[in-house]
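S.K.: Build me a structure from this.
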Amino acid sequence: MLKAKCEGFGTFELILRGSGVFKNMSDPRVIWTGIEPSEKLMQLNDYIKNGLEDAGTKIEDRPFKPHLTLGRIKFLKTGNSLKELIEKYRDTEIQKVPVNEVILYESILLQSGPVYKPLSKFKLYQS
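M.R.: This is a model prediction of the structure:
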């Protein structure tokens, strides 16, 4: 299904912008940078989501919020430095990234932390 949805979709560019944390600043667990939603990214997300639904996969109800996880926090001595960095880069454009493939990963949860194993790559190139 992924190959059919990705094949011929065409390459595009993502813009990484801003920073933040998941859970909250008083108990941060994940540091992330945002991915600006683009028409091509949202369209690809819809294609894949619809393909999964057609294949009988239950899809989450929450809206798609593209981001890139930079790191996970197990322990934080003081939150002030992190808070200052998050504020400093909240709206900063960090990088433009060309997108030419979709990679399907298996997430393996270990006691030491998650391991992400690539299973397949699907090119977005148009024929």
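S.K.: what about Asn50, distance to Ile86?
M.R.: 35 Å (Cβ to Cβ, to the nearest Å). From N, CA and C alone the C-beta is placed, and that goes for glycine too.
S.K.: With neighbour numbers in mind, choose between those two.
M.R.: With neighbours defined as other Cβ atoms under 10 Å, Asn50 and Ile86 compare such that Ile86 has more, 18 against 13.
S.K.: Would you check that the more buried one makes contact with Val21?
M.R.: Yes. Here Ile86 reaches Val21: they are 6.4 Å apart, a contact under Cβ atoms under 8 Å.
S.K.: Which residues are in contact with each of these two?
M.R.: Jointly contacting Ile86 and Val21 under the rule Cβ atoms under 8 Å, 6 or more residues apart in numbering are Ile31.
S.K.: so what's Leu119 up against?
M.R.: 104-106.
S.K.: And the residues you listed, which is closest to Thr78?
M.R.: Tyr105 (33.1 Å; Cβ to Cβ).
S.K.: Count residues in the vicinity of that closest one, would you?
M.R.: Tyr105: 12 neighbours (other Cβ under 10 Å).
S.K.: Equivalent analysis for Ile15, please.
M.R.: Neighbours around Ile15, by other Cβ under 10 Å: 16.
S.K.: How about Phe9?
M.R.: 19.
S.K.: How about the one 3 residues further on?
M.R.: In terms of burial, Phe12 registers 16 neighbours under the definition other Cβ under 10 Å.
S.K.: With that, I have no additional questions.
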